[in-house]
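Chemist: Whatever this is, show me its structure:
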Amino acid sequence: MRRNDSPLSPAAYWRLRFFSPLIMLVGMAAGAILIVRSILVWGVDGDEYPFGPDIPISAAALLLWVGAVALLMLPPRGVIALRSGPFDSRRLVWSLGRRFRAWNMIAAPIAGLAVFFSLSAVVLAVVSVVAAPAEAWLLALGTVALAAIAIGLGVLQMRGALHGLQLTPTHLIAHGYLWTRRYPRGEIVSINAVEVKFWPSILLRALTNRDARHTIQLSLANGAEPVLLASNSRETDVQAGAEIIRVWRSAAAD
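Modeler: You can find the predicted model right below:
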C-alpha cells in the first residue's frame, strides 16, 4: 500500500502530466543554455562572452523544472493502480518503466545539450552543402543522420514523464520511448513477464544507461503478441505490474 505523499490531488497530477512534454522541453532548453553560457562566460579567457540575464533566467527555469519533475515523480495514491483496484478511472502501473522514467527525466539538461550540439552540426552541414555542392550528397546524408538523432533524442526526453503503462476502464496504454500504443481491454487474452531479447536490450541500455532485462508481453485475441518495452524494468517490478494488469483485465467481467 502506498501513502498519499504527494502535495497534488489526482486531478492536478493528471494536468501536470499532460503538460509534462512541455516541462521536459523547458528543462532541456534551460539546461543547454545554462551549461553552454556558463562554459563561455567562466571557461573562456577575456571579455568576449559577458555575463548576461540569460544565465539567471535559465537557472530559474531549471529550478522550476526540478520542482515539476519532483512532483511528477511523486504521484498521489489516487492515480496508482493497485491489485485491489479500483479500476473505474485511469491509473498508472507505477512499477513498470520506473527506473528508465527517472533516468530519462534527470538526464534532460544533458540531453538538451546533446540536442543543441546536434542541431548546431546540422546548421553547419547545411551551410557546407550550400558552399560545396559537389560534395552535397555526402553532407546531406550526414545532415539527415544528425537531424534524426537530435529529433529522436528530443522526443525521447520530452516523453520521459509519460514513460510506462497506464490503465483506463477500456484500454491499456503503453507510453513508449518514441510513441504511444493503445490496446482494448477486451482484446487482451493474457499478460506475461518476459525477458527482453538481445538487440532490444542492447539498444535500451545504450539509450538509457540502465540494464533491465524484463518487460511485459501481451497476447491479443487476433494472435499478436506485442512486447511493451515501455514496461522494461527489474524482474520483481515487472512481475508485480503484470499481476496488476491481470487483475484489471479480469475485472472487465465484473
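
Chemist: And the next helix or strand past the helix or strand of the chain with the lowest mean pLDDT?
Modeler: The helix or strand of the chain with the poorest confidence is helix 198-208; it has a mean of 64 (mean pLDDT, DSSP states H and E). Using DSSP states H and E, the helix or strand that follows helix 198-208 in sequence is strand 214-220.

Chemist: Against which helices or strands is that following strand packed?
Modeler: Applying 3 or more CB pairs under 8 Å, 6 or more residues apart in numbering; DSSP states H and E, we find strand 214-220 packed against strand 188-195, strand 227-233, helix 235-250. Any C-beta I mention is one placed from the backbone N, CA and C, and that applies to glycine too.

Chemist: any idea how far Tyr177 is from the residue positioned nearest the centre of the chain?
Modeler: For the chain, the residue sitting closest to the mean C-alpha position, by CA atoms, centre = their mean, is Gly160 at 2.0 Å. Separation of Gly160 from Tyr177 (CB to CB, to the nearest Å) stands at 9 Å.

Chemist: how about the strands in the stretch 1-150 of the chain?
Modeler: 91-93 (DSSP state E, counting those that start in this stretch).

Chemist: Poorly predicted segments of it, please.
Modeler: 1-5, 46, 129, 131-140 (pLDDT under 70).

Chemist: can you pull out the helices in it?
Modeler: With DSSP state H, counting those that start in this stretch, the ranges of helices along the stretch 1-150 of the chain come out as 10-18, 20-43, 54-72, 98-106, 108-131, 136-158.

Chemist: With mean neighbour count and distance to Arg185 as new columns, can those be given to me in a markdown table?
Modeler: Below are those laid out as a markdown table (neighbours: other CB atoms under 10 Å; distance: least, CB to CB, whole Å):
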| stretch | mean neighbour count | distance to Arg185 |
| --- | --- | --- |
| helix 10-18 | 15 | 20 |
| helix 20-43 | 18 | 25 |
| helix 54-72 | 16 | 26 |
| helix 98-106 | 20 | 23 |
| helix 108-131 | 17 | 33 |
| helix 136-158 | 16 | 28 |
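
Chemist: Between those helices, which one is closest to Arg83.
Modeler: helix 98-106 (16.7 Å; CB to CB).

Chemist: starting at the chain centroid, how far to that closest one?
Modeler: 7 Å (CA atoms, centre = their mean, to the nearest Å).

Chemist: that older thread, so which of the helices of the stretch 1-150 of the chain is nearest His214?
Modeler: With CB to CB as the criterion, His214 lies closest to helix 98-106 of these, at 11.2 Å.

Chemist: send the alpha carbons of the closest one over as PDB?
Modeler: C-alpha atoms of helix 98-106 as PDB (Å, rounded to 0.1, in the frame of the first residue of the first chain):
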ATOM      1  CA  ARG A  98      10.200   3.300 -13.200                       C
ATOM      2  CA  ARG A  99      14.000   3.100 -13.500                       C
ATOM      3  CA  PHE A 100      14.100   4.400 -17.000                       C
ATOM      4  CA  ARG A 101      11.500   7.000 -16.300                       C
ATOM      5  CA  ALA A 102      13.600   8.500 -13.500                       C
ATOM      6  CA  TRP A 103      16.800   8.300 -15.500                       C
ATOM      7  CA  ASN A 104      15.300  10.000 -18.700                       C
ATOM      8  CA  MET A 105      13.900  12.800 -16.600                       C
ATOM      9  CA  ILE A 106      17.000  13.500 -14.700                       C
END
